[in-house]
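**Student:** predicted structure and sequence below. I'll ask about it afterward.
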Amino acid sequence: MNRIKISERLVWGSITACLVALVFFISSEKVKAISTDGEKYLQILHEVVSYIENDYVDPQEEKKIYTGAILGALQSLGDPHTRFLDTDEFGELQNETKGSFGGIGVEISFQENAFIIVAPIEGTPAWKAGLQPQDKIIEINGRSTKAVSLSESIGMMRGEVGSSISMKIERKGIKDPFTVNLVRELIQIRYVRSHYLQETETGYIKLVQFMGKETTAKEFSSAVNAMKEAGAKKLVIDLRMNPGGLLDLAIDLADLFLPPEADIVSVKGRGGVLVKSYKADKKEKKFLDIPVAILVNGGSASASEILAGALKDNKRAIVVGTQSFGKGSVQSIFPLSGGTGVAITIQKYYTPSGVSIHGKGITPDYIVNPIAASEDEKYALEKLYKKNLVRPFLESHADYNEAAITDFTALLKKENINISDSVTRVFLFNEMRAGSSNSKPRLDLDTQLAEAIRILK
């Protein structure tokens with residue numbers, strides 16, 4: 001059967017669901033015969049549908065009944081990535097990922113009948129609004145998402161650049177749901193951002209997503225070379241909030257740091273049967289002598305976990321941060337009748353040490369938590385937003401400096417709000433850099449980066 005490899009993301013639009021490490025389209029073929037038990041239960045299903053159609057107190061649409069049965073069958077597997085694709089979703093999935101699109105820039109996963117945010121794409125409206133991994137989208141423009149399909153949610157989130165969208169969010173640790181109002185933008189992503197941190201002789205590369213295969217690997221390699229020439233004696237690769245992308249690109253980047261024949265990742269199918277193993281090749285331009293640290297967090301998924309796992313297991317890099325997301329499976333897309341389809345998980349990824357990424361994630365060598373607000377501090381900051389005090393302050397203070405910190409601290413005191421100095425500084429820095437996602441990282445505000453650099457000494 002012919003398989004056409006496509007990029008790992010399920011949908012590009014105002015949102016992207018890029019939690020599929022690798023996706024295949026499978027050409028149509030005859031459905032395999034079912035067992036005797038299967039035929040028995042299929043007959044029972046037809047009988048139940050017949051009773052619903054003829055005797056249920058309220059008339060029901062036949063399409064709705066059978067679609068519900070299909071969804072129930074797939075949901076019984078307990079795998080959010082195995083799912084039914086209606087005609088709109090199936091059509092979207094056959095389009096190749098592009099480098100720019102209109103929307104809010106958030107990566108989502110459909111889990112337990114809910115839209116869960118994996119990571120906001122840095123520099124986008126979702127990132128500027130402070131959306132976080134594991135946030136649950138419960139309403140879009142006032143409409144509950146409980147009965148909304150993925151294709152419907154895409155339609156609701158899409159819109160003209162400059163138009164507004166409102167979403168209600170549930171966040172763990174916060175008692176009441178809150179609303180965020182976003183303005184759609186044309187999302188144009190720079191996948192690689194680099195800085196030479198001269199004071200610590202460290203090269204820093206932020207990889208936003210594993211996309212742009214034709215240019216990203218070259219840009220990444222050029223950035224490492226440039227920083228080494230500038231004097232970098234160690235390298236930090238920041239994969240925090242990176243929800244994944246192309247499998248081939250993750251392999252290409254891992255290859256840059258591994259000797260020939262080193263294991264990168266393996267793919268296993270039903271029964272743990274090895275399907276394919278990827279190894280480093282014999283290319284000349286490699287970076288085998290520079291110490292490497294990789295930063296991960298709960299928003300690091302899929303291809304991010306493949307790269308981190310490959311370098312960690314080969315003892316080529318230390319991993320610093322918090323537990324990654326845990327997405328390491330391969331989906332095949334099978335066409336069905338009526339222009340629909342079904343995504344079925346057929347394989348899983350394993351790191352060189354034989355550990356499955358899926359549902360577990362990568363455990364850092366060094367667990368380091370970021371500076372984060374307590375629940376009381378989060379509630380206090382929400383009060384600032386509700387009183388509409390944050391935006392006017394930012395409009396009157398263009399730069400992050402001690403004067404701005406002093407003025408913001410005075411504002412907090414005036415509002416009788418108690419927030420620690422470290423949280424105040426991180427909050428203000430993040431708010432002020434929202435319009436420019438290429439800001440140079442600050443070690444005094446980024447404990448994970450600072451610790452990674454310290455460990456690499």
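**Tutor:** Structure's in. What do you need?
**Student:** what about the helices in this protein?
**Tutor:** Read by DSSP state H, the chain holds these helices, from start to end of the chain: 36-55, 62-75, 87-93, 125-128, 150-157, 213-230, 247-255, 303-313, 375-386, 390-396, 402-414, 421-432, 447-455.
**Student:** tell me which of the ones you listed sits most buried.
**Tutor:** Mean neighbour counts were compared across those using mean count of other CB atoms under 10 Å; the top stretch is helix 303-313, at a mean of 28. The C-beta positions use only the backbone N, C-alpha and C, and glycine is treated the same way.
**Student:** CA atoms of it as CSV?
**Tutor:** As requested, C-alpha coordinates have been extracted for helix 303-313 and formatted as CSV (Å, rounded to 0.1, in the frame of the first residue of the first chain):
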residue,chain,number,x,y,z
ALA,A,303,9.7,15.8,18.2
SER,A,304,11.1,17.8,21.1
GLU,A,305,11.0,14.6,23.2
ILE,A,306,12.7,12.6,20.4
LEU,A,307,15.6,15.0,20.3
ALA,A,308,15.9,15.3,24.1
GLY,A,309,15.7,11.6,24.6
ALA,A,310,18.2,10.8,21.9
LEU,A,311,20.9,13.1,23.3
LYS,A,312,20.1,12.2,26.9
ASP,A,313,20.3,8.4,26.4
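**Student:** for it, what is the average pLDDT?
**Tutor:** Confidence for helix 303-313, expressed as mean pLDDT, is 97.
**Student:** cool, stretch 53-67 as well?
**Tutor:** Predicted confidence along stretch 53-67 averages 92 (mean pLDDT).
**Student:** what about Pro59, how many residues nearby?
**Tutor:** Neighbour count of Pro59, defined by other CB atoms under 10 Å: 7.
**Student:** look up how far Tyr278 lies from it.
**Tutor:** In this view, Pro59 and Tyr278 are 54 Å apart by CB to CB, to the nearest Å.
**Student:** check contacts around Lys136.
**Tutor:** With contacts taken as CB atoms under 8 Å, 6 or more residues apart in numbering, Lys136 has the following neighbours: Ala114, Phe115, Ile116, Ile117, Ile169, Glu170, Arg171.
**Student:** please redo it, this time with the cut-off set to 6 Å
**Tutor:** When contacts are counted by CB atoms under 6 Å, 6 or more residues apart in numbering, Lys136 touches Ala114, Ile116, Glu170.
**Student:** quick one: the second one from Asp365, how far?
**Tutor:** Noted for Ile116: a distance of 27 Å to Asp365, by CB to CB.
**Student:** before we move on, what about the first one?
**Tutor:** Ala114 sits at a distance of 32 Å from Asp365 (criterion: CB to CB).
**Student:** for this protein, give me the ranges with low pLDDT.
**Tutor:** Applying pLDDT under 70 to the chain picks out residues 1-33, 91-102, 109-113, 149-151, 154-155, 188, 433-438.
**Student:** ok, and the closest non-adjacent residue to the residue positioned nearest the centre of the chain?
**Tutor:** Nearest to the centroid of the C-alpha atoms of the chain, with distances taken as CA atoms, centre = their mean, sits Pro243, at 2.6 Å. If you skip the residues right next to it in sequence, Pro243 has Glu107 as its closest partner in space, 4.0 Å away by CB to CB, 6 or more residues apart in numbering.
**Student:** how many other residues sit next to the one you found?
**Tutor:** The burial count assigned to Glu107 is 28, neighbours taken as other CB under 10 Å.
**Student:** next one: the one 10 residues further on
**Tutor:** Here the number of neighbours of Ile117 (other CB under 10 Å) works out to 23.
**Student:** now the closest residue to it other than its chain neighbours: phi and psi?
**Tutor:** Distances taken as CB to CB, 6+ apart put Asp135 closest to Ile117, at 4.3 Å, once the chain neighbours are dropped. When read as degrees, to the nearest 10, the backbone of Asp135 gives phi -60, psi 140.
**Student:** tell me the contacts of Asp135?
**Tutor:** Contacts were defined as CB under 6 Å, 6+ apart; by that measure Asp135 touches Ile117, Ile169, Arg171.
**Student:** gap between stretch 148-164 and the chain center?
**Tutor:** Taking the mean C-alpha point of stretch 148-164 and that of its whole chain, the gap between them comes to 19 Å (CA atoms, centre = their mean, to the nearest Å).
**Student:** how long is that stretch end to end?
**Tutor:** 20 Å (CA to CA, to the nearest Å).
**Student:** about what we covered before: looking at the helices of the chain, spot the one closest to Pro335.
**Tutor:** The stretch from the helices of the chain with the least distance to Pro335 (CB to CB) is helix 87-93; that distance is 7.5 Å.
**Student:** list the contacts for Val423?
**Tutor:** When contacts are counted by CB under 6 Å, 6+ apart, Val423 is found next to Ala373, Glu377.
**Student:** mind running it again at 7 Å?
**Tutor:** Neighbour list for Val423: Ile371, Ala373, Glu377 [criterion: CB atoms under 7 Å, 6 or more residues apart in numbering].
**Student:** any idea how many residues pack against the closest residue in space to the last one that isn't next to it in sequence?
**Tutor:** What that stands for is Glu377. Using CB to CB, 6+ apart and skipping the chain neighbours, the partner closest in space to Glu377 is Ile419 (5.0 Å). The criterion is other CB under 10 Å. On that basis, Ile419 has 20 neighbouring residues.
**Student:** now Arg83
**Tutor:** 22.
**Student:** wait, doesn't it sit right on Leu74?
**Tutor:** Yes: look at Arg83 against Leu74 with CB atoms under 7 Å: they come within range, at 5.8 Å.
**Student:** domain map for the chain?
**Tutor:** The record assigns the chain these domain ranges, following the TED database: 37-96, 102-186, 192-367, 375-456.
**Student:** and the shortest one, how far out from the chain middle?
**Tutor:** By that I understand domain 37-96. A distance of 29 Å separates the C-alpha centroid of domain 37-96 from that of its chain, computed with CA atoms, centre = their mean.
**Student:** tell me how far stretch 264-275 is from the chain's mean position?
**Tutor:** Distance, centroid of stretch 264-275 to centroid of chain: 23 Å (CA atoms, centre = their mean).
**Student:** could you work out the end-to-end span of it for me?
**Tutor:** Counting by CA to CA, the terminal residues of stretch 264-275 are separated by 14 Å.
**Student:** thinking again about what came up before, closest to Asn314 out of the contacts of Lys136?
**Tutor:** After measuring the contacts of Lys136 against Asn314 - CB to CB - the closest member comes out as Ile116, at 31.4 Å.
**Student:** correct me, but Glu107 touches Met241?
**Tutor:** No: here Glu107 does not reach Met241: they are 8.8 Å apart, not a contact under CB under 7 Å.
**Student:** thanks a lot, see you next time.
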